[in-house]
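[1] predicted model and sequence follow; I will ask about them next.
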Amino acid sequence: SDDDLASEVLSHYSSTSESASVIEEGTGTQTIKNIIHAQTLSQIYKLCSCFTLIFVFFSAKTRLAALESLRLGFSFRVLYEFLLERRFTISDCLERSLKKGGVEEQAAAATVCALLCVQLGGGVEGEEGFKIFRPILSSILIDSCASLSARQSCARALGMCCYVSASDDAEDLLKSIGHLESVFVGAYPLGDGTLPSVKAGIPALHSAALQSWALLCTLCPASRINTILNHHMPRLHACLESSEVNFRIAVGETIALLCELGRDIDQEFEYEDCDALCDSLKNLATDGNKHRAKNDRRKQRSIFREVLHYIENEDFTEEKIQFGIEAIYIDGWMRRRIYDAFKEVLESGVRHHLQFNPLLRDIFGLGPPLILDASVKASRISRTERHLFNSAAFKARTKLRNKVRDKRADVM
């Protein structure tokens with residue numbers, strides 16, 4: 001048991017370097033219990049310092065509690081400097097959990113992998129982490145014998161880790177896109193045009209893979225986008241007939257995003273079967289079928305009205321995300337997918353990261369984190385000026401990415 005292991009393990013580790021100061025504060029299992037339920041910043045530091053100890057010698061329940069504490073700690077704090085020296089130790093433990101852990105442990109470890117990449121950012125450190133995680137995340141994702149919850153978590157983690165850490169690596173980007181694609185194409189129509197019957201839980205996996213794939217599509221060069229549009233748009237159109245509301249919504253949002261990417265390349269872009277697509281969207285935007293749950297109908301109608309308006313008129317309902325004295329404006333489907341992807345991983349900690357994480361601030365064109373004092377507060381720019389600045393910064397970043405896309409086009 002953990003109680004029996006505690007004295008022996010803590011005694012052994014009391015002579016090691018970084019764990020020593022933590023272990024000296026107490027003895028036995030109670031010390032470990034205090035560490036794994038980390039809440040304060042100092043407790044999170046202690047947890048990271050004893051990570052190898054916990055993951056080698058303690059039970060699945062203890063490891064799961066440690067992963068949950070890391071998930072919360074990484075979601076609500078920016079710990080780049082602290083993690084810089086410990087990233088390989090933590091990565092090794094996460095890799096072990098993904099390879100040998102149970103269903104819950106695999107799912108939790110995949111989420112922490114994504115959070116670790118968000119913490120480390122898009123530099124060399126993040127790329128090193130992704131090189132470690134990509135093979136095992138991909139392996140679980142495409143393994144039809146693995147649990148659905150673990151595969152779903154790996155789909156989201158693979159998309160986020162690749163977006164953050166491999167945006168300039170064409171090979172890793174293409175491999176990740178291919179693995180995600182191999183999962184959600186299971187929802188595509190069969191040879192006779194009918195949609196396949198799938199087991200319970202599979203549509204949620206298809207949705208996660210499709211949304212992560214859509215996120216990575218925002219990094220693809222123009223030549224790749226054209227191939228994607230030609231191959232996937234008709235099949236995604238057919239998937240709007242799916243009986244699963246959340247999958248239908250994911251499909252609708254992806255169709256809108258692909259159209260936006262197409263128009264970003266060619267302002268005159270129009271899906272070849274646009275009239276039929278608009279008819280399908282109108283039906284979903286006014287769906288009143290009583291056999292669907294009321295909340296599902298309301299959510300579906302709202303989203304498909306937005307998708308329809310964008311396809312027909314390029315209209316998009318702008319959304320403002322406020323955090324502290326700042327705000328970002330979600331004014332397109334690409335920007336919404338990017339924000340939603342970070343929100344899915346960071347949950348309610350996304351606003352803290354928008355304020356203080358250089359990675360997110362760069363992605364959304366916010367500049368370095370603000371240092372507020374009385375003089376800064378007194379000279380704050382107006383909301384309108386901030387909106388215009390953020391929009392201009394995002395457009396400039398998009399243009400820069402398009403240049404990078406062109407450079408990668410030959411590789412792809």
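    Thanks, I have the structure now.
[2] mind checking pLDDT for the closest residue to residue 203 other than its chain neighbours?
    Distances taken as CB to CB, 6 or more residues apart in numbering put residue 244 closest to residue 203, at 3.9 Å, once the chain neighbours are dropped. All C-beta atoms are positioned from the backbone trio N, CA, C, and that covers glycine. Residue 244 carries a pLDDT value of 92.
[3] same check on residue 378?
    Value for residue 378, per-residue pLDDT: 46.
[4] ditto for residue 9
    Looking at residue 9, the pLDDT reads 37.
[5] again, but for residue 381
    So, for residue 381, pLDDT stands at 50.
[6] the strands in this protein, which residues?
    Taking DSSP state E as the criterion, the chain carries its strands at 319-323, 326-330.
[7] mind checking the ones you listed for the one nearest to residue 177?
    Closest to residue 177 of these, according to CB to CB: strand 326-330, at 23.7 Å.
[8] can you list the strands that the closest one pairs with?
    strand 319-323 (antiparallel) (DSSP bridges).
[9] mean confidence for the strand it pairs with?
    Per-residue scores along strand 319-323 average to 94.
[10] before we move on, the earlier item: any idea how far the residue nearest to residue 203 is from residue 312?
    The gap separating residue 244 from residue 312 is 25 Å, by CB to CB, to the nearest Å.
[11] more neighbours, the two?
    residue 244 (19 against 13; other CB atoms under 10 Å).
[12] measure that one to residue 208 for me?
    For residue 244 relative to residue 208 (CB to CB), the value is 13 Å.
[13] try residue 246
    Taking CB to CB, one finds residue 246 at 10 Å from residue 208.
[14] ok, those two, which is more surrounded?
    Using other CB under 10 Å as the criterion, residue 246 and residue 208 rank with residue 208 on top: 26 against 15.
[15] can you pull the contacts of the more buried one?
    152, 155, 156 (CB atoms under 8 Å, 6 or more residues apart in numbering).
[16] tell me which residues are up against stretch 169-184.
    127, 130-131, 134, 138, 141-142, 151, 155, 158-159, 162, 166-167, 205-207, 209-210, 212-213, 216-217, 219-220, 408, 411-412.
[17] if we go to 7 Å?
    The contact list for stretch 169-184 (CB atoms under 7 Å, 6 or more residues apart in numbering) reads 130, 134, 138, 141-142, 155, 158-159, 162, 166, 205-206, 209-210, 212-213, 216, 219, 408, 411-412.
[18] name the residues of it that are buried.
    By 16 or more other CB atoms under 10 Å, the buried positions in stretch 169-184 come out as 169-170, 172-177, 179-181, 183-184.
[19] would a markdown table of those residues with distance to residue 69 and pLDDT be doable?
    Output for the buried residues of stretch 169-184, formatted as a markdown table (distance: CB to CB, whole Å; pLDDT from 0 to 100):
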| residue | distance to residue 69 | pLDDT |
| --- | --- | --- |
| 169 | 31 | 75 |
| 170 | 37 | 85 |
| 172 | 30 | 91 |
| 173 | 32 | 93 |
| 174 | 35 | 93 |
| 175 | 32 | 95 |
| 176 | 28 | 96 |
| 177 | 33 | 97 |
| 179 | 29 | 98 |
| 180 | 29 | 98 |
| 181 | 34 | 98 |
| 183 | 30 | 98 |
| 184 | 32 | 98 |
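[20] farthest pair within the residues you listed?
    Most distant of the buried residues of stretch 169-184, by CB to CB, are 169 and 184, 22.5 Å apart.
[21] ok, back up a step: from the contacts of stretch 169-184, which land in helices?
    130, 134, 138, 141-142, 155, 158-159, 162, 205-206, 209-210, 212-213, 216, 408 (DSSP state H).
[22] any chance of the backbone angles for residue 314?
    For residue 314, the backbone dihedrals (degrees, to the nearest 10) come out as phi 60, psi 30.
[23] can you list phi and psi of residue 242 for me?
    phi -60, psi 150.
[24] got a list of what it touches?
    Counted by CB under 7 Å, 6+ apart, residue 242 has contacts 187, 195, 248.
[25] redo that, cut-off 6 Å
    residue 248 (CB atoms under 6 Å, 6 or more residues apart in numbering).
[26] separation between it and residue 236?
    10 Å.
[27] try residue 252
    Distance from residue 252 to residue 236, by CB to CB: 9 Å.
[28] repeat for residue 95
    From residue 95 to residue 236 the distance is 34 Å (CB to CB).
[29] those two: which has the busier surroundings?
    Applying other CB under 10 Å to residue 95 and residue 236 shows that residue 236 carries more neighbours, namely 20 against 17.
[30] quick check: that one touching residue 253?
    No: contact criterion CB atoms under 6 Å: residue 236 and residue 253 do not qualify, at 10.3 Å.
[31] now the helices for the stretch 201-350 of the chain?
    With DSSP state H, counting those that start in this stretch as the criterion, the stretch 201-350 of the chain has helices at 202-217, 222-239, 245-265, 274-285, 294-313, 333-346, 350-356.
[32] could I get the ones you listed in JSON lines, plus columns for distance to residue 105?
    Rendered in JSON lines, the data for the helices of the stretch 201-350 of the chain read as follows (distance: least, CB to CB, whole Å):
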{"stretch": "helix 202-217", "distance to residue 105": "18"}
{"stretch": "helix 222-239", "distance to residue 105": "32"}
{"stretch": "helix 245-265", "distance to residue 105": "25"}
{"stretch": "helix 274-285", "distance to residue 105": "38"}
{"stretch": "helix 294-313", "distance to residue 105": "32"}
{"stretch": "helix 333-346", "distance to residue 105": "18"}
{"stretch": "helix 350-356", "distance to residue 105": "25"}
